[in-house]
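>>> kindly return the folded structure for what I paste below:
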Amino acid sequence: MSNIEKTINICLATDSPEELRESASKLKDSLDRMKQSTSADFSRLVEGWRRGPLTLEAFAEMWVDGIAKRAKADPACRPVAEIISSLSAYHEFEEQRLLTAVNNREYKPDANDLLDSEQLPYLGDSRLHFLTCDGGYLTRIKKSPQAAQIHKVALDELSSVEKVEALLRKVTA
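Numbering: from 1, shown residues only. Sure, this is the predicted structure:
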């Protein structure tokens, strides 16, 4: 069972605020370690690309392989192009993030970019939409057909039930 599942189960079953705090603290520590590890991996990828540039095709293959490993799946189970097509917003976000970092020696990876990008695979289901107050998604994702499923909204649009309902009606119309 993952730390997230344990924390949710504790939230649903606990009578003790201290138990909840302890579990939330462990989850935060785990997420922080994951962000640091991923940030370090990304930095190594950027430095490697700067030493000997890869092609975008090589990046695509590495990217698909990395996803398959995290999902404990066979990367060869589907063609790379098919996987990229089904996860096009996610791929474009990551590709643009890499190109930005490679071309800017002052670039410092944002640990939250990992969590930002992890929202994007859901867009593989064309019935789903992603509402965000973060303009960074649409700055990086311009070519993917899935960009139309990303909606940058103002915080004010989420400030009342009525506004959220109107927003959802507009998005799902």
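>>> okay, now Pro109: neighbour count?
18 (other C-beta atoms under 10 Å). (Each C-beta comes from the backbone N, C-alpha and C, glycine too.)
>>> now it. Its backbone dihedrals?
The phi and psi values for Pro109, taken as degrees, to the nearest 10, are phi -60, psi 140.
>>> distance check, it against Phe93.
14 Å (C-beta to C-beta, to the nearest Å).
>>> just Gln149 next, same as before
13 Å.
>>> give me the more crowded residue out of those two.
Between Gln149 and Phe93, counted using other C-beta under 10 Å, the more crowded position is Phe93 (25 against 21).
>>> which element is the more buried one on?
Element membership for Phe93, per DSSP states H and E: helix 88-103.
>>> can you give me the buried ones in the next helix or strand after that helix?
The first helix or strand that comes after helix 88-103 along the chain, using DSSP H and E, is helix 112-117. Residues Asp113, Leu114, Asp116, Ser117 are the ones in helix 112-117 that count as buried (16 or more other C-beta atoms under 10 Å).
>>> between those, which is nearest Met62?
Among those, Ser117 lies closest to Met62 (C-beta to C-beta), at 15.0 Å.
>>> against Asp156, how distant is the closest one?
Applying C-beta to C-beta to Ser117 and Asp156 gives a distance of 26 Å.
>>> check what pLDDT the closest residue to Arg97 other than its chain neighbours gets.
Once flanking residues are discounted, Arg97 sits nearest to Asp113: 6.0 Å by C-beta to C-beta, 6 or more residues apart in numbering. What the model reports for Asp113 is a pLDDT of 75.
>>> returning to what we had before: the buried residues of helix 112-117: which two are farthest apart?
Farthest pair in those, by C-beta to C-beta: Leu114 and Asp116, 7.2 Å.
>>> hmm, back to that, which strands and helices sit next to the helix holding Phe93?
Helices and strands touching helix 88-103, by 3 or more C-beta pairs under 8 Å, 6 or more residues apart in numbering; DSSP states H and E, are helix 17-51, helix 56-70, helix 112-117, helix 136-140.
>>> quick one: end-to-end length of stretch 119-126, please.
Counting by C-alpha to C-alpha, to the nearest Å, you get 14 Å between the two ends of stretch 119-126.
>>> buried residues, it. List them.
Buried residues in stretch 119-126 (16+ other C-beta under 10 Å): Gln119, Leu120, Pro121, Leu123, Gly124.
>>> which outside residues touch it?
86-87, 89-90, 93, 128, 130, 132, 137, 141, 146, 149-150 (C-beta atoms under 8 Å, 6 or more residues apart in numbering).
>>> good, we can wrap up now.
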